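Chemist: Need coordinates for the following:
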Amino acid sequence: MPEEGKITVFLLDDHEVVRRGVHELLSVEDDIEVVGEAGTAEEALARIPATRPDVAVLDVRLPDGSGVEVCREIRSRDASVKCLMLTSFADDEALFDAIMAGASGYVLKAIRGHELLTAVRDVAAGKSLLDPVATARVLERLRDGGNPPRGDERLANLTKQERRILDLIGEGLTNREIGERLHLAEKTIKNYVSGLLSKLGMQRRAQAAAYVARMGVEGPGRGRE
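Modeler: Numbers count the residues shown, from 1 in each chain. Just a heads-up that it's a prediction; the model follows:
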């Protein structure tokens, strides 16, 4: 069992050397305890719920997926787990995805040791570490992306339920949260999301969220039955 008052941390990185280095850096601190590690998204999704860390430090790029997807899935199960994304690349798209997934922070692996310690402590305390300059750049890009016409025929192809779900995606809700809002099973929502993404010609829900932001969607239920 973790010691009382310690910040518990789970590490996800496919590079063992990086993972060991971060583990050693954190472990020597009196107020931090590493409670688990994983090298793949699959391992992380199995182990994080069992360890229930205060902070999950997640590598963005993984051999079997993305740390962003791990963040989204974990936070849909347990919103008390704070996620700190750790990556080698300053990528606006990944940053936007991390914001939409509910990450509390996004830092580069070039970060200094003491800065990472501060980041873990700040995230554990409920602070956001999403760089304001980078975040502003992402939002600026969304604003400048061009507004599709209000009568975009892709929206007309959505049913009322799909349009309602699209609006909720735009609010940043997870499939589970949407299911609770609409009194539907999470699996049913997942099927709806797949269908509406296909109709919109999109691959990921983050694209749909960005689309809603650009459209300035006025409200649900404007599609056809």
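
Chemist: Ramachandran coordinates for residue 33?
Modeler: The phi/psi pair for residue 33 (degrees, to the nearest 10) reads phi -130, psi 130.

Chemist: Identify the residue nearest the spatially most central residue of the chain in space, chain neighbours excluded?
Modeler: Nearest to the mean C-alpha position of the chain, by Cα atoms, centre = their mean, lies residue 101 at 2.0 Å. Nearest non-adjacent residue to residue 101, counting by Cβ to Cβ, 6 or more residues apart in numbering: residue 72, 3.9 Å away. C-beta: built from backbone N, CA, C; applies to glycine.

Chemist: how about the one you found, what does it touch?
Modeler: Residues near residue 72 by Cβ atoms under 8 Å, 6 or more residues apart in numbering: 100, 101, 102, 174.

Chemist: buried residues in the helix or strand containing it?
Modeler: Taking DSSP states H and E as the criterion, residue 72 maps to helix 67-77. Buried positions in helix 67-77, judged by neighbour count with 16 or more other Cβ atoms under 10 Å: 67, 68, 69, 70, 71, 72, 73, 74, 75, 76.

Chemist: would CSV of the residues you listed with pLDDT and distance to residue 160 be doable?
Modeler: Below are the buried residues of helix 67-77 laid out as CSV (pLDDT from 0 to 100; distance: Cβ to Cβ, whole Å):
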residue, pLDDT, distance to residue 160
67, 91, 35
68, 88, 30
69, 88, 29
70, 93, 33
71, 93, 31
72, 89, 26
73, 91, 28
74, 93, 31
75, 90, 28
76, 86, 24
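
Chemist: what's the spacing between residue 155 and residue 96?
Modeler: 22 Å (Cβ to Cβ, to the nearest Å).

Chemist: quick one, what contacts residue 94?
Modeler: 60, 68, 85, 87, 106.

Chemist: Only the buried members of those residues: can you turn that into a ChimeraX selection?
Modeler: Of those, the buried ones go into a single ChimeraX selection, burial set by 16+ other Cβ under 10 Å:
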select :60,68,85,87,106
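
Chemist: and of the contacts of residue 94, the nearest to residue 183?
Modeler: Set against residue 183, the nearest of the contacts of residue 94 by Cβ to Cβ is residue 68 (28.0 Å).

Chemist: Identify the nearest residue to the closest one in space, disregarding sequence-adjacent positions?
Modeler: Nearest to residue 68 is residue 97, by Cβ to Cβ, 6+ apart, at 4.6 Å.

Chemist: Quick check: that neighbour is in a helix.
Modeler: Yes. Under DSSP: H, G, I helix; E, B strand; the rest coil, residue 97 falls within a helix.

Chemist: what's near enough to touch it?
Modeler: Going by Cβ under 8 Å, 6+ apart, the list of residues near residue 97 reads 66, 68, 204, 206.

Chemist: How many residues are close by the third one?
Modeler: The reference is to residue 204. A count of nearby residues for residue 204, using other Cβ atoms under 10 Å, gives 14.

Chemist: What of the one 3 residues further on?
Modeler: Other residues within reach of residue 207 by the criterion other Cβ under 10 Å amount to 18.
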